[in-house]
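*Asks:* quick one: sequence plus predicted model below, questions after.
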Amino acid sequence: MAVIAWIIVALGLVAGAVALAARHAASIAPARVVPPGEKVPVTSTQRLVGWSLALGLIPAVAAGALVAWFGPDVYWDDDAVRLTVTGLVLASMFILVAPQALASLWAAHDDRRIDERDRGILAQAPTSQAAAMLVVLAIWVVALTESFRGEAGIPRVYMYLAFWSYLLVSLLAWNVGALLGYRRT
């Protein structure tokens with residue numbers, strides 16, 4: 001259970017790192033001046049990213065809750081639990097990657113749903129991914145090293161969980177970075 005506590009701490013630190021990286025990336029671009037009382041309209045891409053993040057978090061949190069509830073050993077040994085968690089992670093990844101795929105498709109076909117503001121924000125969104133993944137990597141390394149000090153090795157289940165968490169954090173960071181970019185403009 002100590003590793004699960006480290007994962008929870010890692011997710012909190014990742015959220016902070018993503019927010020800082022996205023805020024820094026957004027500060028590079030000049031802020032758009034909007035007259036008082038007016039709002040910048042919400043674009044199709046912004047709405048898609050917001051919904052993707054909200055809906056993608058549901059299966060990701062459910063997968064994490066199942067691993068925390070059953071524990072890593074039961075997760076690894078029980079096929080039903082492992083396949084359920086894997087399905088939830090894959091569903092979350094599919095939902096979280098949708099804005100990237102659709103925005104690329106829209107940009108390739110010169111669709112009106114994506115404009116210059118969207119292109120700029122989506123180009124800066126990946127800047128938060130590296131910081132988030134490095135924080136998760138550091139926390140996994142420290143947690144696993146401390147938890148299995150003196151052991152012959154680290155059980156494979158933790159490598160598997162670390163792999164899935166890197167992928168999910170990368171996609172979550174992209175979506176959060178994009179939303180923070182829209183908030184800035």
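*Replies:* That came through fine.
*Asks:* residue 170 is in contact with residue 132, correct?
*Replies:* Yes. With contacts defined as CB atoms under 8 Å, residue 132 counts as touching residue 170 at a distance of 6.9 Å. All C-beta spots, glycine's among them, are computed from the backbone N, C-alpha and C.
*Asks:* these two: which is more packed in?
*Replies:* Neighbour totals were compared for residue 132 and residue 170, and residue 132 leads with 29 against 19 (other CB atoms under 10 Å).
*Asks:* could you find the closest non-adjacent residue to that one?
*Replies:* residue 173 (3.8 Å; CB to CB, 6 or more residues apart in numbering).
*Asks:* what about residue 91, which SS state?
*Replies:* Assigned with DSSP: H, G, I helix; E, B strand; the rest coil, residue 91 falls in the helix class.
*Asks:* and the residue lying closest to it once chain neighbours are set aside, what pLDDT?
*Replies:* In space, and not counting its chain neighbours, residue 91 is closest to residue 59: 4.4 Å by CB to CB, 6+ apart. Per-residue confidence (pLDDT) for residue 59: 95.
*Asks:* show me where pLDDT drops low in this protein?
*Replies:* 1-4, 6-7, 10-11, 18, 21-34, 184-185 (pLDDT under 70).
*Asks:* where exactly do the helices run in the chain?
*Replies:* 2-28, 44-70, 72-77, 79-108, 116-124, 127-147, 156-184 (DSSP state H).
*Asks:* nearest to residue 36, out of those?
*Replies:* helix 156-184 (18.1 Å; CB to CB).
*Asks:* flag every buried residue along the closest one.
*Replies:* Neighbour-count burial for helix 156-184 flags 157-158, 160-162, 164-165, 167-182, 184 (criterion: 16 or more other CB atoms under 10 Å).
*Asks:* now stretch 43-53
*Replies:* So stretch 43-53, judged by 16+ other CB under 10 Å, has buried residues 43-46, 48-50, 52-53.
*Asks:* will you turn the residues you listed into CSV that also has distance to residue 145?
*Replies:* CSV is the format used below for the buried residues of stretch 43-53 (distance: CB to CB, whole Å):
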residue, distance to residue 145
43, 44
44, 45
45, 41
46, 41
48, 40
49, 36
50, 38
52, 34
53, 32
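*Asks:* out of those residues, which is nearest to residue 127?
*Replies:* Closest to residue 127, out of all of these and judged by CB to CB, is residue 49, at 15.1 Å.
*Asks:* before we move on, the earlier item: can you redo the helices of the chain as JSON lines with distance to residue 38?
*Replies:* Listed next are the helices of the chain as JSON lines, based on distance: least, CB to CB, whole Å:
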{"stretch": "helix 2-28", "distance to residue 38": "20"}
{"stretch": "helix 44-70", "distance to residue 38": "17"}
{"stretch": "helix 72-77", "distance to residue 38": "51"}
{"stretch": "helix 79-108", "distance to residue 38": "25"}
{"stretch": "helix 116-124", "distance to residue 38": "15"}
{"stretch": "helix 127-147", "distance to residue 38": "28"}
{"stretch": "helix 156-184", "distance to residue 38": "16"}
